[in-house]
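Engineer: Here is my input; please provide its structure:
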Amino acid sequence: MIAKSFFNRWLTIVFLLAGLGASAQYPPPAGQPGSTAISKDSSIIVGWAKSCQVERGFIDISDTTKTFGGSNRASYGNVFMTAEIADGFVLSLGDRGVATLDFESPIGNGPGFDFAIFENSFDDIFLELAFVEVSSDGIRFVQFPAISLIPASPQTTTFGSTDATKINNFAGKYRGMYGTPFDLEELKDSTGINLNHIIMIRIVDVVGSVQDPFATYDSQGNKVNDPWPTPFDTGGFDLDALAVLHFSSEGIEETDQFHQVSIFPNPVSDMTSFVSQYASAVSYSLSDQYGKIISSGSFTGKTGVDLTSCSAGVYFASFHFRDGVTLNKKIIRK
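Structural biologist: Numbers count the residues shown, from 1 in each chain. The predicted structure is shown next:
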């Protein structure tokens with residue numbers, strides 16, 4: 001009887017602890033008390049990602065023959081849409097798609113959060129998630145310890161909802177125009193990485209399927225359950241922008257100050273100017289949101305650009321320096 005009583009008490013304690021873990025609360029949606037969401041207009045933002053490389057994922061990883069608009073991979077948006085301030089223009093990654101971003105100078109481990117990632121969710125419950133990884137050399141990447149307490153059953157449907165208080169360290173936790181922040185201090189025990197010299201951040205779409213062949217898992221071994229399938233050109237995580245909250249305290253390389261191009265005025269009505277301090281000629285191309293090239297050329301020092309014939313909207317300027325550096329910027333035509 002004593003042994004049985006002890007065993008029953010032990011089971012009670014185990015179930016209580018399990019229940020506490022399952023009900024753990026993480027910060028709530030933007031605008032609610034305790035939320036960590038960062039507005040795109042926040043004064044703590046000191047910079048934005050400057051360029052992006054992407055490996056698109058399938059629109060439906062469970063059936064790679066399925067197509068939308070003639071492609072079996074996500075195709076909405078382009079890499080230029082991820083440059084500079086969050087504005088709702090996005091790059092869709094598809095199932096397990098990967099976007100890798102870099103910056104004007106390295107990100108550093110300052111007090112509190114160090115960067116924030118913006119998705120374009122239209123509300124607080126339709127959340128498409130992604131893992132976040134950082135690198136100080138472009139070779140070794142370390143992933144933030146993401147946690148999902150969303151049950152693995154039932155499957156969250158294509159337009160299903162997700163409780164933000166049940167997820168942590170996933171990009172996409174907050175609605176559009178509010179970034180999900182990350183603190184490099186959480187990675188202080190990682191090896192082979194300099195947290196005061198982060199030069200690349202990689203964003204990896206969470207497939208969201210709970211089927212064993214396609215499931216992805218969080219840092220605690222839980223299946224990550226988010227809206228799936230999303231068999232459209234806009235499928236998967238939709239990357240809007242990445243805001244820098246702390247540049248590295250180690251300073252920037254001397255040449256980095258020359259890999260800049262100022263655009264003034266911006267927004268622009270008719271004519272704008274590109275200004276560079278780079279010693280050699282800088283080539284550029286100007287494209288619309290669909291990737292169509294509007295104009296291109298090269299300049300040294302300064303050049304004028306005429307947008308009189310362009311309709312109002314967002315355009316993307318890509319600048320290429322002779323030493324291989326590329327800089328992407330957005331231009332708003334009023």
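Engineer: Does the longest strand belonging to the chain pack against any helices or strands, and if so which?
Structural biologist: Ranked by residue count and defined by DSSP state E, the top strand of the chain is strand 98-107. With contacts taken as 3 or more C-beta pairs under 8 Å, 6 or more residues apart in numbering; DSSP states H and E, strand 98-107 sits against strand 47-48, strand 51-55, strand 198-205, strand 241-244. The way it works is simple: take the backbone N, C-alpha and C, and place the C-beta from them, glycine included.
Engineer: list the helices and strands the helix or strand just after the last one packs on?
Structural biologist: Moving toward the C-terminus from strand 241-244, the first helix or strand encountered (DSSP states H and E) is strand 261-264. The helices and strands touching strand 261-264, judged by 3+ C-beta pairs under 8 Å, 6+ apart, are strand 271-276, strand 313-320, strand 326-333.
Engineer: Including mean neighbour count, could the ones you listed go into TSV?
Structural biologist: What follows is these, written out as TSV (neighbours: other C-beta atoms under 10 Å):
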stretch	mean neighbour count
strand 271-276	18
strand 313-320	19
strand 326-333	19
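Engineer: and residue 286, which of those is closest to it?
Structural biologist: Closest to residue 286 of those, according to C-beta to C-beta: strand 313-320, at 5.2 Å.
Engineer: strand partners of that closest one, parallel vs antiparallel please.
Structural biologist: Partners of strand 313-320 in the sheet, by DSSP bridges, are strand 282-287 (antiparallel), strand 326-333 (antiparallel).
Engineer: who's in contact with it?
Structural biologist: With contact meaning C-beta atoms under 8 Å, 6 or more residues apart in numbering, strand 313-320 is reached by 78, 80-81, 83, 87, 89, 261, 263, 274, 276, 282-289, 294, 307, 326-333.
Engineer: again, only using 7 Å
Structural biologist: Outside strand 313-320, the residues that touch it by C-beta atoms under 7 Å, 6 or more residues apart in numbering are 80, 87, 89, 261, 263, 282-289, 294, 326-333.
Engineer: could you dump it to PDB, C-alpha only?
Structural biologist: Provided in PDB are the C-alpha atoms of strand 313-320 (Å, rounded to 0.1, in the frame of the first residue of the first chain):
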ATOM      1  CA  GLY A 313       5.000  52.700 -56.500                       C
ATOM      2  CA  VAL A 314       8.100  50.900 -55.200                       C
ATOM      3  CA  TYR A 315      11.200  50.300 -57.300                       C
ATOM      4  CA  PHE A 316      14.400  48.500 -56.600                       C
ATOM      5  CA  ALA A 317      17.900  49.800 -57.300                       C
ATOM      6  CA  SER A 318      20.800  47.300 -57.400                       C
ATOM      7  CA  PHE A 319      24.300  48.700 -57.200                       C
ATOM      8  CA  HIS A 320      27.400  46.500 -58.100                       C
END
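Engineer: quick revisit: identify the residues contacting the longest strand of the chain?
Structural biologist: Contacts of strand 98-107 (C-beta under 7 Å, 6+ apart): 47, 49-55, 82, 91, 93, 114-115, 197-204, 239, 242, 244, 246-248, 252, 256.
Engineer: Let's test this: mean pLDDT of it, rounded?
Structural biologist: The average pLDDT within strand 98-107 is 92.
Engineer: what angle do that strand and strand 51-55 make?
Structural biologist: For strand 98-107 against strand 51-55, the angle by axes from the mean of the first three to the mean of the last three C-alpha atoms, to 10 degrees is 150 degrees.
Engineer: count of residues packed around residue 267?
Structural biologist: By other C-beta atoms under 10 Å, the residues close to residue 267 number 13.
Engineer: residue contacts, the nearest residue to it once chain neighbours are set aside?
Structural biologist: Leaving aside its sequence neighbours, residue 267 sits nearest to residue 332 (C-beta to C-beta, 6 or more residues apart in numbering; 3.8 Å). If you count contacts by C-beta under 7 Å, 6+ apart, residue 332 has them with 266-267, 314.
Engineer: now with 8 Å?
Structural biologist: With contacts defined as C-beta under 8 Å, 6+ apart, the neighbours of residue 332 are 266-268, 313-315.
Engineer: just to revisit the earlier point, can you lay out the helices and strands packed on strand 261-264 as JSON lines showing mean pLDDT and distance to residue 62?
Structural biologist: Shown next, in JSON lines, are the helices and strands packed on strand 261-264 (pLDDT from 0 to 100; distance: least, C-beta to C-beta, whole Å):
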{"stretch": "strand 271-276", "mean pLDDT": "92", "distance to residue 62": "46"}
{"stretch": "strand 313-320", "mean pLDDT": "88", "distance to residue 62": "33"}
{"stretch": "strand 326-333", "mean pLDDT": "85", "distance to residue 62": "34"}
